[in-house]
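*Asks:* I would like the atomic coordinates for the input below:
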Amino acid sequence: MSWYSIDAVDGALQRTKSTLFEPFSFWKWIKLGIIILLLGGGGGGPNFGNIGQQYGGEGPGWMQDFQGFGEMASQFMQQYLLIIVLGVFFFIGLILLFSYISNVMEFVFVNSLVTDTVAFWEYSGKYLRKGFHLFIIRFVLGLIFLVLIVAAMLPVILPVLNSLDAIENLNIGMFLGSIVMFLSVLFILAIISGIIQSFINLSIPLAMYKDMGIIAAFRVVFGKFRADWRQIIVYWLIRFVIRLVAGIVVLLIALIVLLVLLGIFSLLGFGLYMLLTSGAGLGTDNTIFWVVMVPFGLVVLIVLIIFALLISVPVPVFMKYHMLTFLESWYPESGIPFNNRGIPEQLQV
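*Replies:* Numbering: from 1, shown residues only. Model prediction:
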């Protein structure tokens, strides 16, 4: 029996090599880096007076400070309630906007790798609707998991809230047991969420190239999983190992290159500083000193940002190619129109 996820490693490596290095294109790496970056989108406070009275008189010093803080927070909320509410809605709106953009980029990223052509704006416009549908699906799933997490937190929070007046009455054993149960539920939810997201990721190419909705594509993938679940289990294990190994390798390379860059820039910066101060006699209070040093700092910042974009490309590209190559073998009807430039025939399905 052939394990498609293991066989897909060679194909993913060849496709990654062909896309990123044959030939090397700086702007292609930058555009892919940007896509990958976008993938990663009554005001009264509580009254503490009664708590102080439980301890008699004015209460301990820390209780008085806490009470004062509560009163200040209450006054601040009352005075700036409208601004705070508008700020919260604006922040939530930004999160939803970037989340929507992230979901559109899922399709842009896949199509860029499949066609071996990164057309950012063209692909973005093409997949706005499918990206919106994916955004809605993930938003609903996120709300469901949030409700489940909050429900799992209640056994931890309620005993604490009920024991605020007399913290010594808190049953430590039950409290610790509730924490263990909450962490267990959180772990199980994380696994379920990862499984669902894996199915969704496999559904995206089907929705694109078989012209169907995300939910319909999900049903196809899930039906295929029920008929051939062993391949998916091995697929998850292989991807975990690959991601771990590739992440460590890229991290080590990134650290080495970063140290080299920082060493070079530190020497250049120190030399420029000595040239301006000792050579030209300029102090830090001189305008010309900052006219020279600020642009140098901006150049360093730009170089580091470009380095971060470039170093972020190889692993996600390889992982996505691995997923697509696996899907092509596991579900030949997927219809993925790969640009197989430079790919040996034996690695093509």
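*Asks:* Surely Leu261 and Ile306 touch.
*Replies:* No. In this structure, Leu261 sits apart from Ile306 without contact. The criterion is CB atoms under 8 Å, and the distance is 10.5 Å. C-beta: built from backbone N, CA, C; applies to glycine.
*Asks:* what residues do those two have in common as contacts?
*Replies:* Counting by CB atoms under 8 Å, 6 or more residues apart in numbering, no residue touches both Leu261 and Ile306.
*Asks:* shaky segments in the protein?
*Replies:* Low-confidence segments of the chain, defined by pLDDT under 70, span residues 1, 41-74, 76-77, 159-175, 340-349.
*Asks:* residues in contact with Gly33?
*Replies:* The contact partners of Gly33, by CB under 8 Å, 6+ apart, come to Ala308, Leu309, Leu310, Ser312, Val313.
*Asks:* Same question for the helix or strand where Trp121 lies: list its buried residues.
*Replies:* Under the criterion of DSSP states H and E, Trp121 resides in helix 120-126. Judged by neighbour count using 16 or more other CB atoms under 10 Å, the buried positions of helix 120-126 are Tyr123, Ser124, Lys126.
*Asks:* Also stretch 258-272?
*Replies:* Within stretch 258-272, the residues scored as buried using 16+ other CB under 10 Å are Phe265.
*Asks:* List the contacts of it.
*Replies:* Contacting residues not belonging to stretch 258-272 are listed as Val292, Met293, Phe296, Val300, Val303, Leu304, Phe307 [CB under 8 Å, 6+ apart].
*Asks:* Leaving out the residues flanking it, which one is nearest to the fourth one?
*Replies:* Of all residues not flanking Val300 in the chain, Phe265 sits nearest, at 5.0 Å (CB to CB, 6 or more residues apart in numbering).
*Asks:* now swap in the fifth one and tell me
*Replies:* Distances taken as CB to CB, 6+ apart place Leu261 nearest to Val303, at 7.0 Å, with adjacent residues excluded.
*Asks:* What helix or strand is the one you found located in?
*Replies:* Assigning secondary structure by DSSP H and E places Leu261 in helix 229-274.
*Asks:* can you map out the helices along the stretch 51-200 of the chain?
*Replies:* Using DSSP state H, counting those that start in this stretch, the helices of the stretch 51-200 of the chain run over residues 61-79, 81-115, 120-126, 128-162, 172-209.
*Asks:* Tell me the gap between the longest one and the middle of its chain.
*Replies:* From the chain centre to the centre of helix 172-209 is a distance of 16 Å (CA atoms, centre = their mean, to the nearest Å).
*Asks:* Beyond it, next helix or strand please.
*Replies:* The first helix or strand that comes after helix 172-209 along the chain, using DSSP H and E, is helix 214-227.
*Asks:* Show me the one in the contacts of Gly33 that has more neighbours than the rest.
*Replies:* Compared across these, Val313 has the highest neighbour count, 22 neighbours, by other CB atoms under 10 Å.
*Asks:* doesn't Ile34 make contact with that residue?
*Replies:* No. Using CB under 8 Å as the test, Val313 is too far from Ile34 to be in contact (10.0 Å).
*Asks:* quick one on the thing from earlier: using TSV, lay out the contacts of stretch 258-272 together with neighbour count.
*Replies:* TSV is the format used below for the contacts of stretch 258-272 (neighbours: other CB atoms under 10 Å):
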residue	neighbour count
Val292	16
Met293	16
Phe296	14
Val300	17
Val303	13
Leu304	14
Phe307	15
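*Asks:* how about the helices of the stretch 51-200 of the chain in JSON lines, adding distance to Ile30?
*Replies:* Supplementary listing: the helices of the stretch 51-200 of the chain in JSON lines, determined by distance: least, CB to CB, whole Å:
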{"stretch": "helix 61-79", "distance to Ile30": "44"}
{"stretch": "helix 81-115", "distance to Ile30": "13"}
{"stretch": "helix 120-126", "distance to Ile30": "10"}
{"stretch": "helix 128-162", "distance to Ile30": "22"}
{"stretch": "helix 172-209", "distance to Ile30": "23"}
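*Asks:* Just name the closest of the buried residues of helix 120-126 to Phe98, please.
*Replies:* Taking CB to CB as the measure, Phe98 lies nearest Ser124 of the buried residues of helix 120-126, at 13.9 Å.
*Asks:* how close does the closest one sit to Ile336?
*Replies:* Computed as CB to CB, to the nearest Å, the Ser124 to Ile336 distance reads 20 Å.
*Asks:* How about Glu122?
*Replies:* 19 Å.
*Asks:* Once you drop chain neighbours, what's closest to Lys320?
*Replies:* Leu113 (5.7 Å).
*Asks:* That neighbour touches Leu324, doesn't it?
*Replies:* Yes. Counting by CB under 8 Å, Leu324 is a contact partner of Leu113 at 6.8 Å.
*Asks:* what helices or strands is the strand or helix carrying Leu324 leaning on?
*Replies:* Taking DSSP H and E as the definition, Leu324 sits inside helix 314-330. Contact analysis of helix 314-330 by 3 or more CB pairs under 8 Å, 6 or more residues apart in numbering; DSSP states H and E lists helix 4-21, helix 26-39, helix 81-115, helix 172-209, helix 229-274 as its packing neighbours.
*Asks:* what's the most buried one of those?
*Replies:* Relative to the other members of the helices and strands packed on helix 314-330, helix 4-21 carries the highest mean neighbour count by mean count of other CB atoms under 10 Å, namely a mean of 19.
*Asks:* Remind me what it packs against, helices and strands.
*Replies:* Using 3+ CB pairs under 8 Å, 6+ apart as the contact criterion, the secondary-structure elements in contact with helix 4-21 are helix 26-39, helix 229-274, helix 314-330.
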